[in-house]
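Asker: Predicted model, plus sequence, below.
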Amino acid sequence: MIFEVSSSELLRKLQIASGAISSNPVIPILEDYLFELVGDELTISATNLEVTIISTLNVMGTEDGSVALPARILLETLKALPDHPVKFKVESESKSVTLNSAYGEYKLSGDNHEDFPETPVDENTHEIELDCDALVKAINYTVFATSNDELRLAMTGVLMQMDFNKVIFVSTDAHKLVKYTIGGLNTELTESVIIPKKCLSIFRAAAASLDDEKAKLAFNSKNIFFRAGDTLVISRLIDAKFPDYNAVIPVNNDKILTLNRSDFQNSLKRIVIYSNKTTNQVVLSLAEDSLTVSAQDLDFSNEATEQVGCSYKAEPMTIGFNAKFLVEMLGVIETDEIILELSASNKAGILLPAEENEQEKLMMLVMPVMMSH
């Protein structure tokens, strides 16, 4: 196998694919990239058996072939080289690889491509197409609210629910819940799958550079296939039942608070310093057009209070929240103004962006922290 390629272009592809390479894999070949050259097209694959990333790249090919190459040494070499053409030459028998650049020659040993795991095939799949930026947004909005609790397997991923002309992404860790709906789709599907968050983070990295492109999502009962540009990310799905999220979303939230997102977020960041370190509890006290944010840590006699400008017309009320959760949620909302809908101090609060385009709906729910007296 012989080909020549720009070192920076190859490095970019390898960095995307490295998302699927684990540091201490079950079998040594999983520390490798698989290189397959046909004509001028180089296909690079990496897998950890859960997630597989495949990317293609145009090169100047001289001799077709396949080889598995150790990822770490290859990545480090390319990172240390300036952007120059590099030439790869692989001996088909011995699998020894020679890499030539303007600076010198580097030799490493490859592995047999036949030992590399087989790639899952996209058979019997359902397909939908989304704008890359809408999908990246959906991932940004939901991934942070997934659970790390392996005993609640379904909640460690994001639910993707197709509902005719819309797709709904939902994540929850039982303290917070995010539901993001993208409408205006041209589909008849009513299917749902749970996607592992690791896969979504990898796909976000691959899709973030493709703003105006479409992402194609295909899935069957076992795997999901994300394709955007010249990158394909394949992931196993989580085989579990997602909780009935609609049951926990409160209705009739008649207490509506409107306020500036960054003012509220900055206030919470200051006030939480004075809160109890186990609960991070801050108390929101609401009266007409008045919001007081306060916290206290009785163990250390620490307390803090701030006033935040707002619009509020309902009856006075007091409710406690975990400030860390609120700060995190406010951090992913993109609008300047936000709405907090409340009903009672023991019911979840609903956080919404103040303005949205009609094909996108974002709703975040946060459970209250019970007030300690």
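Answerer: Cool, the structure landed.
Asker: who touches the lowest-mean-pLDDT helix or strand in the chain?
Answerer: Within the chain, judged by mean pLDDT, DSSP states H and E, the helix or strand with the poorest mean is helix 197-207; its value is a mean of 88. The set of residues external to helix 197-207 that reach it, using C-beta atoms under 8 Å, 6 or more residues apart in numbering, is 16, 19-20, 50-51, 53, 55, 132, 135-136, 139-140, 142-143, 146, 156-158, 171, 213, 215, 224, 226, 228-229, 231, 233, 235. Bear in mind the C-beta positions are built from the backbone N, C-alpha and C, glycine included.
Asker: same question, stretch 133-146
Answerer: Taking C-beta under 8 Å, 6+ apart as the criterion, the residues outside stretch 133-146 that touch it are 130, 155-158, 169-173, 176-178, 180, 182, 197, 200-201, 203-204, 207-208, 211-212, 215, 217, 328-329, 332, 360, 362, 364.
Asker: and the contacts of helix 197-207, which are buried?
Answerer: Among those, those scoring as buried are 16, 19-20, 51, 53, 55, 132, 135-136, 139-140, 142-143, 146, 156-158, 171, 215, 224, 226, 228-229, 231, 233, 235 (criterion: 16 or more other C-beta atoms under 10 Å).
Asker: all strands of the stretch 201-350 of the chain, in order?
Answerer: Chain-ordered strands for the stretch 201-350 of the chain, with DSSP state E, counting those that start in this stretch as the definition, fall at 214-219, 223-228, 231-236, 255-260, 281-287, 290-297, 302-308, 310-312, 317-322, 337-342, 349-353.
Asker: Redo those strands as a markdown table? Include distance to residue 100 and mean pLDDT.
Answerer: Supplementary listing: these in a markdown table, determined by distance: least, C-beta to C-beta, whole Å; pLDDT from 0 to 100:
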| stretch | distance to residue 100 | mean pLDDT |
| --- | --- | --- |
| strand 214-219 | 37 | 92 |
| strand 223-228 | 32 | 94 |
| strand 231-236 | 27 | 94 |
| strand 255-260 | 58 | 96 |
| strand 281-287 | 61 | 97 |
| strand 290-297 | 62 | 96 |
| strand 302-308 | 62 | 96 |
| strand 310-312 | 65 | 96 |
| strand 317-322 | 57 | 97 |
| strand 337-342 | 56 | 97 |
| strand 349-353 | 53 | 96 |
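Asker: Quick one, which of the ones you listed gets closest to residue 10.
Answerer: Among these, strand 231-236 comes nearest to residue 10, with 14.0 Å by C-beta to C-beta.
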